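Trainee: prediction below, plus the sequence it came from.
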Protein chains: 2
Amino acid sequence: MSENNQIRDAFDAIADPTRRRLIRLLAEAEEIPLHELTAQFQMGRTAVSKHLTILKEAGLVLDRKVGRETRFRLNASPLREIQDWVAFYSKFWSTNMLRLNQLLEEEE
Amino acid sequence: MSENNQIRDAFDAIADPTRRRLIRLLAEAEEIPLHELTAQFQMGRTAVSKHLTILKEAGLVLDRKVGRETRFRLNASPLREIQDWVAFYSKFWSTNMLRLNQLLEEEE
DNA sequence: ATTATAGGTCACCATTTGGTGTCGTGTCAA
DNA sequence: TTGACACGACACCAAATGGTGACCTATAAT
């Protein structure tokens, strides 16, 4: 269960702003077909399809064919890795750390 | 204060595994000069320096010159944006959402 | 039956990315 | 003062990235 099909890094997948917008759009609806997603962007269908492929490779998106359309939906769970990663560094942006940086700055 | 010098996206900066390792190394010490960082990788000094430049452009790293060496240190605060972004989606990987996905899967 | 829609696939392209080696300069050590 | 070290800057390169348009097939609508 919960197969590890992740060809691609989640960090890599969310690096592109277009793909983050796709994730956002898919979060706001159950399922969205490609042509409807494409309508939200200025680029062509092929480009959007490529971005969705990358999201699929990272396990962030699932798709199913319904009639002649391919509907996409979000699978957010790979984002857990991102959250775990960033949580580790949350202790480094406390006010104490900011003050330390300021002190080192003024030292020279 | 806390100037917004971010030429580059933090999402972009953390996409590369080498840069994430740099962030980790810098989190474990106060300051590390370039040559010492370079020793941790298999690539050359120029490549590591380029990665650090990218981290600097994202505001994730600060540097100061001391003698003939350039010492780098972590400035984690831009990671806050990442945390805020990913926190929004945490509600989508609850067990309920996973079950819903399974149901949609079995539907066809 | 014909036409329009949806989308996969492919070839193609410009730009960016991630690495290399070299050269020049400032700094520390002998 | 001579040499070794640390580094920035630059030219260069292969591969990945992010986009395009054209073609083909499957499905839906008329």
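Mentor: Looks like it came in fine.

Trainee: A:T46: neighbouring residues, count only.
Mentor: 8 (other CB atoms under 10 Å in any protein chain shown). Glycine gets a C-beta too; all of them are placed from N, C-alpha and C.

Trainee: next one, pLDDT for it please.
Mentor: Turning to A:T46, the model gives it a pLDDT of 98.

Trainee: where's it, which helix or strand?
Mentor: Assigned by DSSP states H and E, A:T46 falls within helix A:45-57.

Trainee: who's in contact with A:E31?
Mentor: A:64, A:71-73, B:104 (CB atoms under 8 Å, 6 or more residues apart in numbering or on different chains).

Trainee: didn't A:E69 look like it was pressed against A:H35?
Mentor: Yes - assessed by CB atoms under 8 Å, A:E69 is found in contact with A:H35 at 6.7 Å.

Trainee: how about the residues of chain A near chain B?
Mentor: Counting by CB under 8 Å from any CB of the partner chain, the positions of chain A adjacent to chain B are A:9, A:11-12, A:14-15, A:17, A:20, A:23, A:27, A:31, A:62, A:64, A:73-77, A:79-80, A:82-83, A:85-90, A:92-93, A:97-98, A:101, A:104-105, A:108.

Trainee: drop anything exposed from those.
Mentor: A:9, A:11-12, A:14-15, A:20, A:23, A:31, A:62, A:73-77, A:79, A:82-83, A:85-86, A:89, A:92-93, A:98, A:101 (16 or more other CB atoms under 10 Å in any protein chain shown).

Trainee: ok, the residue nearest to the spatial centre of chain A - contacts?
Mentor: For chain A, the residue sitting closest to the mean C-alpha position, by CA atoms, centre = their mean, is A:I14 at 3.5 Å. Shown in contact with A:I14 (CB under 8 Å, 6+ apart): A:20, A:23, A:60, A:79, A:82, B:11, B:15.

Trainee: those also near DNA strand D: which ones?
Mentor: Here nothing survives when the contacts of A:I14 are matched to DNA strand D using CB under 7 Å from any atom of the strand.

Trainee: closest to A:R45 among those residues?
Mentor: A:I23 (18.4 Å; CB to CB).
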